[in-house]
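Trainee: Please work out how this folds:
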Amino acid sequence: MFSLFPYGLSLSLTSLSLPLNQTLSLTQPNSNLDTQQICEGLCDAKHTHTFKERTTYSQYPSLFVLSSRYFLICVNYFFYGETLAEYFGALVQREDSLQFLVRYHRFISFTLYLAGFCMFVLSLVKKHYRLQFYMFAWTHVTLLIVVTQSHLVIQNLFEGMIWFIVPISIVICNDIMAYLFGFFFGRTPLIKLSPKKTWEGFIGGFFGTLVCGFILAYLLAQFQYFVCPVEYNSETNRFTADCEPSDIFVMQKYTFPFAVQNILTWKTVNLYPYQIHSVVLSTFASLIGPFGGFFASGFKRAFQIKDFADTIPGHGGIMDRFDCQYLMATFTHVYIASFIRGPNPSKVLQQLLVLQPEQQLSIFNAMRDRLRDRGILPPAAM
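Mentor: Numbering: from 1, shown residues only. Reported below is the predicted structural model:
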């Protein structure tokens, strides 16, 4: 299992696992000894320093080891609390204890982080400050990459299953199409980090992914289960995925430009607007997404390893399969926030329910007057 800190005192994540002997070799890159030889060959001068480091840190497990794992708990608490407050506000209002936690969530999260920060400072050991600060930085970078992007995946899921399934599927489709085109037609190397990747596979994967994403978007956009966001219904006290589909999931007629009409035999086409958005997602997955894989390849080459782990026989670890997915999930979240998401009446109502009764009445009266001024409501009786 990959220890996020080279000396084995770390926040361990299965998705970033490495063989232990390769983890230890970070301190001795030229060593060909396996783990058993490192532990037993104490007389070997090349590994004496490493052994001393590990022996020293084994004497201070209480705070130093705990702090790295504690930061993982803090970050997850922060992100899951944000999700709870944003999507389940109506449910939270029913429990007094949850109301307190949600209202002061960010302050509680920051307080917990400060406790971990103080814990780390108290765990500092003389003559090993540099190594410990290296581990501290590595923990935060890893949490930023893994936990933050995992949170964005959950955010996409709450916007509707289609925003989760399509991005994941088109990345997988791109891998398959690029492999097939590269296998049968590949001749020109694409990038030195991945010698087996070819321009033919890259270009073929692009067009194959466009078709795959376009068809998949058409199939899923027809079902409410995939397009409706998950919401809590306070009347039925249940979570539902029933809604009136938004405009991007309603079939519309599009007219081709005159230049295209002269070439084709028809002038209009019926499409779901989401299919057009799927073209953007597929383009990103095909042109930019592979760079996530190239980044992972460069990382593995830097540490002289073939795969992050051997969880999946023949494919490496979980991270080897998801190197592009995190980048795709981040883009999907940004795309939704920038071009798709609009005002949500349910969330506005949840925010109003948090207010005091006097504040709710004030907003009600103000809205009533505005609606009357605009002619939406009849004027007040004299």
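Trainee: Please identify the helix or strand for the residue sitting nearest the centre point of the chain.
Mentor: For the chain, the residue sitting closest to the mean C-alpha position, by CA atoms, centre = their mean, is Q149 at 2.7 Å. Element membership for Q149 (DSSP states H and E) is helix 129-158.
Trainee: Packing partners of that helix?
Mentor: helix 61-87, helix 162-185, helix 325-335 (3 or more CB pairs under 8 Å, 6 or more residues apart in numbering; DSSP states H and E). Where you see a C-beta, it was placed from the backbone N, CA and C, and this is true even at glycine.
Trainee: and those, which one is worst for confidence?
Mentor: Sorting the helices and strands packed on helix 129-158 by mean pLDDT places helix 61-87 lowest, at a mean of 83.
Trainee: From the contact counts, what lies against it?
Mentor: If contacts are counted by 3+ CB pairs under 8 Å, 6+ apart, helix 61-87 sits against helix 96-103, helix 105-122, helix 129-158.
Trainee: what's next to the following helix or strand past it, contact-wise?
Mentor: Once the chain leaves helix 61-87, the next helix or strand it forms, by DSSP H and E, is helix 89-92. By CB atoms under 8 Å, 6 or more residues apart in numbering, the residues outside helix 89-92 that reach it are 84-85, 98-99, 102, 232, 234, 347, 349-351, 353-354.
Trainee: Of the residues you listed, which is the nearest to N270?
Mentor: Nearest to N270 among the contacts of helix 89-92 is K347, at 31.9 Å by CB to CB.
Trainee: Distance check, the closest one against V153.
Mentor: Using CB to CB, to the nearest Å, K347 is found at 20 Å from V153.
Trainee: rewinding a little: of the helices and strands packed on helix 61-87, give the one that comes closest to S194.
Mentor: Across the helices and strands packed on helix 61-87, S194 has its closest neighbour in helix 129-158 (20.2 Å, CB to CB).
Trainee: next one: that closest one to chain centre, how far?
Mentor: Helix 129-158 has its C-alpha centroid displaced from the chain centroid by 11 Å (CA atoms, centre = their mean, to the nearest Å).
Trainee: now the angle from that helix to helix 105-122?
Mentor: Put simply, helix 129-158 runs at 160 degrees to helix 105-122, going by axes from the mean of the first three to the mean of the last three CA atoms, to 10 degrees.
Trainee: I'm done for today, thanks for sticking with me.
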